[in-house]
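J.: Sharing a model prediction with you, sequence too.
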Amino acid sequence: MTTIKIAPSILAADFTRLGEHVREAEAGGAELLHLDVMDGQFVPNISFGPMVVEAVRRVTKLPLDVHLMIEKPERYLDVFAKAGATMMNVHVETCPHLHRTIQQIKALNVKAGVAINPHTPFEMIREILGDVDRVLVMTVNPGFGGQKLIHSTLPKVRQISEAIKQYKHEIEVGVDGGIDAQTIAEVRGYGADVFIAGSSVFGYAGGVAAGIKALREKAGK
């Protein structure tokens, strides 16, 4: 099994201490930071835009994993790339021309991921697997942090982890939603290697670094 990556989601950070929380996550061993961009259209919540991505970029050297939970993401790829995104994840549900959108991301010298909602079947992304650097499986309905993991999504994680074995380039399998010390080992067992975690890191009683450590220990690495 591959080495796991813990990706704290800054949506759960204290925004009055955002720079401090970002630095704590980096010092605590996080491999990347996850930034959830929401537009109030595709998901029933509004979060932040490129200005926050740019601000986070200024205080960390970690890769910035930007999750575009927005309608027509192709309109904003350039601005998020300029803000400092290392990877951009777009939803299959919002991209009628998904292949074109993925190629647009890559043309910006940014890694490309495709995200898939809990109700969306794996077959909707099979044809794009060879073009992406990651598949991000939503294990909750997107829009809000702190939700409980939907266990019926896990067989899809396994489907994806098996399907990507035919490709020579590395394709990550990420999971987003309900990841904590009680669920991470089970989810890893289905083949995931990137774990997006919000409140279980930034809301951890012992602090950010301790939250990351707890996740890693429970995952077995």
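T.: Everything's here; your move.

J.: all contacts plus neighbour counts: C-alpha atoms, from now on.
T.: Noted.

J.: Give me the phi and psi angles of L35.
T.: Per-residue torsions, L35: phi -120, psi 110 (degrees, to the nearest 10).

J.: ok, now A13?
T.: Main-chain torsions, A13, degrees, to the nearest 10: phi -80, psi 160.

J.: Leaving out chain neighbours, which residue sits closest to it?
T.: Leaving aside its sequence neighbours, A13 sits nearest to F202 (CA to CA, 6 or more residues apart in numbering; 5.4 Å).

J.: quick one: the one you found from D180, how far?
T.: According to CA to CA, to the nearest Å, F202 and D180 sit 11 Å apart.

J.: picking up where we left off before, pretty sure the residue nearest to A13 is touching G211, no?
T.: Yes - in this structure, F202 is within contact of G211 by CA atoms under 8 Å, at 7.3 Å.

J.: show me where pLDDT drops low in the protein?
T.: Counting by pLDDT under 70, the chain contains low-confidence ranges at 1-2, 143-146, 221.

J.: let's see it at 50
T.: By pLDDT under 50, the weakly predicted segments of the chain are 1.

J.: where do the strands sit along it?
T.: For the chain, strands defined by DSSP state E occupy the ranges 5-8, 33-38, 64-69, 87-91, 111-116, 134-138, 172-176, 194-197.

J.: Same list (these) but as JSON lines, adding distance to R158 and mean neighbour count.
T.: Listed next are these as JSON lines, based on distance: least, CA to CA, whole Å; neighbours: other CA atoms under 10 Å:
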{"stretch": "strand 5-8", "distance to R158": "17", "mean neighbour count": "25"}
{"stretch": "strand 33-38", "distance to R158": "22", "mean neighbour count": "24"}
{"stretch": "strand 64-69", "distance to R158": "22", "mean neighbour count": "24"}
{"stretch": "strand 87-91", "distance to R158": "19", "mean neighbour count": "26"}
{"stretch": "strand 111-116", "distance to R158": "14", "mean neighbour count": "25"}
{"stretch": "strand 134-138", "distance to R158": "11", "mean neighbour count": "25"}
{"stretch": "strand 172-176", "distance to R158": "9", "mean neighbour count": "25"}
{"stretch": "strand 194-197", "distance to R158": "14", "mean neighbour count": "27"}
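
J.: Distance to S161 added to those, as TSV?
T.: Listed next are the strands of the chain as TSV, based on distance: least, CA to CA, whole Å:
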stretch	distance to S161
strand 5-8	15
strand 33-38	21
strand 64-69	20
strand 87-91	17
strand 111-116	14
strand 134-138	9
strand 172-176	7
strand 194-197	12
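
J.: Which among those strands is found nearest to A185?
T.: Each of the strands of the chain has some distance to A185 by CA to CA; the shortest is strand 194-197, at 10.6 Å.

J.: Let me see the residues that make contact with the closest one.
T.: Applying CA atoms under 8 Å, 6 or more residues apart in numbering, the contact partners of strand 194-197 are 4-9, 34, 172-180, 184.

J.: Extract the C-alpha trace of it and format it as CSV.
T.: Extracted in CSV, the C-alpha atoms of strand 194-197 (Å, rounded to 0.1, in the frame of the first residue of the first chain):
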residue,chain,number,x,y,z
VAL,A,194,-4.9,11.1,0.1
PHE,A,195,-7.1,12.1,3.1
ILE,A,196,-8.8,15.4,3.3
ALA,A,197,-9.5,16.2,6.9
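
J.: Neighbouring strands - and their directions - for it?
T.: strand 5-8 (parallel), strand 172-176 (parallel) (DSSP bridges).

J.: okay, these in CSV with distance to V56 next?
T.: Listed next are those as CSV, based on distance: least, CA to CA, whole Å:
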stretch, distance to V56
strand 5-8, 13
strand 172-176, 20
